[in-house]
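> here is my input, please return the structure:
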Amino acid sequence: MNEQRDLLPPGAQVWIRGTLLREPKHVRFSDGNEVTYLLVTCDIGGNQLISVPCNARGTVSRYCQSHQYSRGDLLWIRGFVREKQDNAGHSSAVVNVEAMTGDTSETWQESEL
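Predicted coordinates:
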């Protein structure tokens, strides 16, 4: 098991507070489904950071697109962990996003008068 799977066991519900590491990737499939792929860096204490891949689907994907989040934005995400396998059979953890926001009092900055 890799370290990320130990931290994110499949089926667990998680709350993530972290920084968007790269620009979101929005994909619309031929069947009409939409997915936004996010990579969020989280501080897990003790000066340790992990990068958590997240998938936002449907309504949450459209919400993400409408808010035009970009690299460096602070996000709050609620979701659940699932195991994902690549074509070579390697597995990794990914968070399926149930709800998210980036519009919090922590991101608000007072404008100059």
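
> list the buried ones in stretch 33-44?
34-40, 42 (16 or more other CB atoms under 10 Å). (C-beta placed from N, C-alpha, C; glycine too.)

> ok, stretch 52-69 next?
Result for stretch 52-69 [16+ other CB under 10 Å]: buried residues 52-56, 60-61, 63-64, 69.

> kindly check the end-to-end length of that stretch for me.
With CA to CA, to the nearest Å as the measure, the first residue of stretch 52-69 is 16 Å from its last.

> pull the distance from it to the chain's centre.
8 Å (CA atoms, centre = their mean, to the nearest Å).

> sorry, back to before: of the buried residues of stretch 52-69, which is the nearest to residue 97?
Closest approach between the buried residues of stretch 52-69 and residue 97, by CB to CB: residue 56, at 4.1 Å.

> and residue 39, that's in a strand?
Yes - counting by DSSP: H, G, I helix; E, B strand; the rest coil, residue 39 is located in a strand.

> distance check, the spatially closest residue to it that is not a sequence neighbour against residue 37.
Nearest residue to residue 39 in three dimensions, chain neighbours excluded: residue 21, at 4.4 Å (CB to CB, 6 or more residues apart in numbering). Separation of residue 21 from residue 37 (CB to CB, to the nearest Å): 11 Å.
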